[in-house]
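Student: Structure for the following, please:
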Amino acid sequence: MTREDFEKLVAEAVEALPAVGKEKIKNVAFFVESDARKTKAGEIHIKRGETLLGLYQGVSQPNRGPGYFWTLPDRITIFQGPIEAIAGGDPAKIKQMVFDVVRHEVGHHLGFDEPGIRAYEAARRKNK
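Tutor: Reported below is the predicted structural model:
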C-alpha cells in the first residue's frame, strides 16, 4: 500500500471515531511512519518479540492543568510497516487494524492507561 493510501486510512479512522471522542481531541497531530525506531521502542519498554503499531506522545487530557498553553501538539504516530506485515497485506485487515490502532492511541490521549484500553478493546470485541 502506498504511504498516501495509508495516510488516507488514518484520516478515515480519525473521522470514524465516535462524535464524543472526536470532540475531546485537542492539540493532536497524527503521523505515519514506516517503522518504529528501535530507540523509541526501547524508551517505552517494548519487549523483544512485541510489535509497536502506534504511539501516543504528549500530555493526556486529564493531565493538562492551568499551565497547559502554547504547547506543541501531542503526537500520535501510526506505524505502517508492522500493521501491513501483521495484516498479511490484506487491505480489509489493514484498514481494520488502522482503525483499531487509531482508537487505541486516541484512548491514551483521552487519559486511559494501557490496562483500561485493553479492557475496553476486549469488551468491544465481545459485543461485536
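Student: from here on, contacts and neighbour counts on C-alpha atoms
Tutor: Noted.
Student: contacting residues around the longest helix anywhere in the chain?
Tutor: Looking across the chain with DSSP state H, the single longest helix is helix 91-109. The contact list for helix 91-109 (CA atoms under 8 Å, 6 or more residues apart in numbering) reads 9-10, 13-14, 17, 25, 53-56, 58-61, 76, 78, 83-84, 87, 113-114, 117.
Student: Quick check: PyMOL command selecting the buried ones in those residues.
Tutor: Here is the PyMOL command that selects the buried residues among the contacts of helix 91-109 (16 or more other CA atoms under 10 Å):
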select buried, resi 9+10+13+14+25+53+54+55+56+58+59+60+61+76+78+83+84+87+117
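Student: Show me the contacts of helix 91-109 that map onto helices.
Tutor: Among the contacts of helix 91-109, the members falling in helices (DSSP H) are 9-10, 13-14, 83-84, 114, 117.
Student: and these as TSV, adding distance to Arg125 and pLDDT?
Tutor: Output for those, formatted as TSV (distance: CA to CA, whole Å; pLDDT from 0 to 100):
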residue	distance to Arg125	pLDDT
Leu9	21	97
Val10	21	97
Ala13	17	96
Val14	19	95
Ile83	19	96
Glu84	21	96
Glu114	16	85
Ile117	12	88
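Student: Look up how far Tyr68 lies from the residue lying closest to Val14 once chain neighbours are set aside.
Tutor: With sequence-adjacent residues excluded and distances taken as CA to CA, 6 or more residues apart in numbering, Val14 is closest to Val102, at 6.9 Å. Note on Val102: its distance to Tyr68, by CA to CA, to the nearest Å, is 24 Å.
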